[in-house]
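Participant: need coordinates for the following:
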Amino acid sequence: MAVYPEFVSPVVDPSVSVPIFLGAVAFVVVCFLLTTLIPLRRLNGRMAGPDPRLQAAIEAIGSGAWQPAADLLAEAGTDWERRTACTRALAYSAVHDGDAWLTAWQAAAPDDPDAVMVAASARVQQAWKLRGAQRAVATSQEQFDAFHRELHAAREALAHAARVCPEDPTPLVDTIWTALGLGYSKDEMREVWIELDARAPHHFVAHCSAVQYYSRKWRGSRLEAEEFAARAVHEAPRGRLMTLLPLIVWFEHEEEGDSAGRYGMPDAIALVDAALEDVAATAEGHPGLPVARHLLAYFLVRQHRYRAALEQFRHVDGYTDAMPWRYRPWGKLSYRLHRARAVWGALLTRR
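Facilitator: Next up, the predicted model:
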């Protein structure tokens, strides 16, 4: 009987198939490593996105030169968003890398209001460093005592900074973080907010800080945080990133439980879509834009909208100082894994 070739059982030569299989596995592993654990460039955990002028100032103060920091704040002028972002970044460097440059700045220009402001901001950050990042149950009484002592000193320093910088909202933004730690009442917080909002309406970092105060884990509830965020969105024009606030509230409260299936629900998708429109209308150079892109990239990956997530990652790739990565004990790894998921998801699902 004739045997037709198409019905002949194929004979697999192991000497050929095994190397091919191992080669394919190796290729997949290498691709995974290149997009996750071995990034093409080192990740910057101190900034949310590229900012050459700020980066240059931070590098300069690392060698003890304070003038670039002074120039950076002088150039910011009345761009309050940028002044706040730069002040807090410089203060962070003073606390974590050494403050000899700040001491020299204050000695050379004791009446410089910008030096006063950076020093006050550094007191706040020093207080939170003393407390540590653990939850209250994992924080010792000694840590709390040191935290509260430093916060009381910071409150006085911030009040002085607010007087010598009568238009700048930055000292009042940092005051919100003393309010968190010292347990300001709602009336006390309202007084701070009225003055802050008068100085700089729709200030992004100020609103993000206030959302923390009104959240359930600090001094409020989910409802209070949602109401504050909704009011900010209603009052602000497009392009001020206020639509990120409801997204932050959602993240802060949903992440506490089993939220895996909630990211794809209509309410979460609607929040992301509104924030995407706001980001598209925001001027390049807004310091809050990289922060927004990180959070959107995370949400978009969780919603399996991989191509849209990749678009956000492209703008901030190489930087990780933003929510949600800063909430993770292995933030840089989490960033890499979500970025890789976006890459592979876009390739394999075309979504």
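
Participant: list the buried residues in the helix or strand hosting residue 271.
Facilitator: Following DSSP states H and E, one finds residue 271 within helix 266-280. Burial within helix 266-280, assessed by neighbour count using 16 or more other C-beta atoms under 10 Å, is assigned to 268, 271-272, 274-276, 278-279. Placement of C-beta: from N, CA and C, glycine included.

Participant: among these, which one lies nearest to residue 238?
Facilitator: residue 278 (5.9 Å; C-beta to C-beta).

Participant: next, count neighbours for the spatially closest residue to that closest one that is not a sequence neighbour.
Facilitator: Taking C-beta to C-beta, 6 or more residues apart in numbering, and ignoring the residues beside it in sequence, residue 278 has residue 243 as its nearest neighbour in space, at 4.2 Å. Residue 243 has 23 neighbours, counted by other C-beta atoms under 10 Å.

Participant: heads up, I number from 606, so please use that
Facilitator: Shifting the count to begin at 606 puts that one at residue 848.

Participant: which parts of the stretch 806-955 of the chain are helices?
Facilitator: Across the stretch 806-955 of the chain, reading from the start of the chain, the helices by DSSP state H, counting those that start in this stretch fall at 809-819, 827-840, 849-859, 871-885, 893-907, 911-921, 936-954.

Participant: now the stretch 606-755 of the chain
Facilitator: With DSSP H, counting those that start in this stretch as the criterion, the stretch 606-755 of the chain has helices spanning 619-640, 657-667, 672-681, 685-702, 705-713, 718-736, 746-769.

Participant: possible to save those as a markdown table with mean neighbour count?
Facilitator: As requested, the helices of the stretch 606-755 of the chain are exported to a markdown table (neighbours: other C-beta atoms under 10 Å):
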| stretch | mean neighbour count |
| --- | --- |
| helix 619-640 | 11 |
| helix 657-667 | 16 |
| helix 672-681 | 18 |
| helix 685-702 | 22 |
| helix 705-713 | 17 |
| helix 718-736 | 23 |
| helix 746-769 | 17 |
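
Participant: can you lay out the ones you listed as TSV showing distance to residue 893 and mean pLDDT?
Facilitator: Below are the helices of the stretch 606-755 of the chain laid out as TSV (distance: least, C-beta to C-beta, whole Å; pLDDT from 0 to 100):
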stretch	distance to residue 893	mean pLDDT
helix 619-640	27	59
helix 657-667	14	96
helix 672-681	14	98
helix 685-702	7	98
helix 705-713	25	97
helix 718-736	17	97
helix 746-769	22	95
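
Participant: could you measure residue 762 against residue 867, distance?
Facilitator: The gap separating residue 762 from residue 867 is 41 Å, by C-beta to C-beta, to the nearest Å.

Participant: sorry, back to before: of all the helices of the stretch 606-755 of the chain, which one comes closest to residue 949?
Facilitator: Relative to residue 949, the nearest member of the helices of the stretch 606-755 of the chain by C-beta to C-beta is helix 619-640, separated by 7.4 Å.

Participant: of the helices of the stretch 806-955 of the chain, give the one that comes closest to residue 653.
Facilitator: Within those, the stretch nearest residue 653 is helix 893-907; the backing value is 3.9 Å (C-beta to C-beta).

Participant: starting at the chain centroid, how far to that closest one?
Facilitator: Relative to its chain's centre, helix 893-907 lies at 9 Å (C-alpha atoms, centre = their mean, to the nearest Å).

Participant: helices or strands up against that helix?
Facilitator: In terms of contacts (3 or more C-beta pairs under 8 Å, 6 or more residues apart in numbering; DSSP states H and E), helix 893-907 is packed against helix 809-819, helix 849-859, helix 871-885, helix 911-921, helix 936-954.

Participant: if we use 7 Å, what do you get?
Facilitator: Helix 893-907 makes packing contacts with helix 849-859, helix 871-885, helix 911-921, helix 936-954 when contacts are defined by 3 or more C-beta pairs under 7 Å, 6 or more residues apart in numbering; DSSP states H and E.

Participant: list the buried residues of the last one.
Facilitator: Buried residues in helix 936-954, counted by 16+ other C-beta under 10 Å: 936-937, 939-951.
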